[in-house]
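Student: predicted coordinates and the sequence they were generated for:
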Amino acid sequence: MTAPDSAPAPQPTPPVTPAAAPARTRRARRGRRPDAPPPRITPGRALAHLLGGLITLAVLAYFQWTPGEWPVRLLTWVALTIIADEFDGWYGYAALLLGGLGYFSPVPPPEQWSVILPLVGGALAGVLLIKHSGGLFVLPFAAALYAAVIVGMGRFATTLDHGLTLPTNEAFQRTALIAMVIGLSVSAVRRIVSLILRSRARRAQRAAALNA
C-alpha cells in the first residue's frame, strides 16, 4: 500500500517593500514635491532684465562718450558695470568694454584715462568673475579683491614707475572705492530681495499643496 501523494505546501508571498516599488512610482513621487521652487525665469522677469540691462548700458555709454573729467567717468564706469551685471552676465562684460568708448568719442578722453582703463578694468573684471561664482556671500570677496588692487597700486605704483602718480592720488582711490561700494550695495540688495521673494513663493506653494 503506497502513501498518498502529499500536496506541496503553499509558499508564503514575500511582502512588498518600498525598495521593490516600481521605479516610475518613485519618479512620480519625486516629481510631485510640494516644496519644489517655482521657475526662475518668467516672461516678465526676462523683459525686465532686457530693459534694465539696455538702459544701464545706454546711460553708461552717454557718460563715456560725452565730455567729462576722469572722476565722473570712473565713478559711472565702475558702478554701472557692476549694476549692469545684475541684469545678466553679458551686460556686465559689455559695460566693462564700454570703458574704452571714450577713445572713439569726438572729444579726447581725459589725460589720465590711459592709466585708469587697464588698472581699474583688470580689478573690475575680477569682481565680475567672482560675482558669477556664487550668490550673496561672494560679494565681500569681490570687494576685497577690488580694494586690494586699488590700494596696492596706490602704494607700489611709484616703485614700479616714478611717473605713475595717479594711483597714489587720494581722489582717484576714493572715487574708485566709492563706485565699487555703490555697485556692490545694489547687487547685495537685489540678491537679498530675490532670496526673500523665492522663500515666500516656496512657502505659498507648500501651503497650497497642503490645503489641496
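Tutor: Great, that's in hand.
Student: residue boundaries of the helices in the protein?
Tutor: 23-31, 43-65, 70-85, 89-97, 113-132, 139-160, 170-211 (DSSP state H).
Student: who wins for proximity to Phe104 among those?
Tutor: The closest of the helices of the chain to Phe104 is helix 43-65. By C-beta to C-beta, the value is 8.1 Å. Where C-beta positions appear, they are placed from N, C-alpha and C, glycine not excepted.
Student: show me what counts as buried in that closest one.
Tutor: The neighbour-count check on helix 43-65 (16 or more other C-beta atoms under 10 Å) flags 52-53, 56-57, 60, 63-64 as buried.
Student: contact partners of that helix?
Tutor: With contacts defined as C-beta atoms under 8 Å, 6 or more residues apart in numbering, helix 43-65 is touched by 72-73, 76-77, 80-81, 83-84, 86-88, 91, 94-95, 98-99, 101-102, 105.
Student: which residues does Tyr103 contact?
Tutor: Tyr103 makes contact with Pro109, according to C-beta under 8 Å, 6+ apart.
Student: same question for Leu136.
Tutor: Residues counted as contacts of Leu136 (C-beta under 8 Å, 6+ apart) are 188, 191-192, 195.
Student: for PyMOL, what selects the buried ones among these?
Tutor: Command for PyMOL that selects the buried part of the contacts of Leu136, burial taken from 16+ other C-beta under 10 Å:
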select buried, resi 191
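Student: send the alpha carbons of stretch 102-110 over as PDB?
Tutor: Output of stretch 102-110 as PDB, limited to C-alpha atoms (Å, rounded to 0.1, in the frame of the first residue of the first chain):
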ATOM      1  CA  GLY A 102      35.900 107.500 -24.900                       C
ATOM      2  CA  TYR A 103      38.800 106.700 -27.300                       C
ATOM      3  CA  PHE A 104      36.300 106.800 -30.200                       C
ATOM      4  CA  SER A 105      34.500 109.900 -29.000                       C
ATOM      5  CA  PRO A 106      35.000 113.200 -30.900                       C
ATOM      6  CA  VAL A 107      36.200 114.600 -27.600                       C
ATOM      7  CA  PRO A 108      39.500 113.200 -26.400                       C
ATOM      8  CA  PRO A 109      39.400 111.100 -23.300                       C
ATOM      9  CA  PRO A 110      40.800 112.600 -20.000                       C
END
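Student: give me the mean pLDDT for that stretch.
Tutor: Regarding stretch 102-110, the rounded mean pLDDT is 81.
Student: now it: buried residues?
Tutor: Of all the residues in stretch 102-110, those buried under the rule 16+ other C-beta under 10 Å are 102, 109-110.
Student: make a markdown table from these and add distance to Ala125 to it.
Tutor: Output for the buried residues of stretch 102-110, formatted as a markdown table (distance: C-beta to C-beta, whole Å):
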| residue | distance to Ala125 |
| --- | --- |
| Gly102 | 18 |
| Pro109 | 20 |
| Pro110 | 21 |
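Student: so of those residues, which ones are in strands?
Tutor: Here DSSP state E is the test, and the buried residues of stretch 102-110 give no hits in strands at all.
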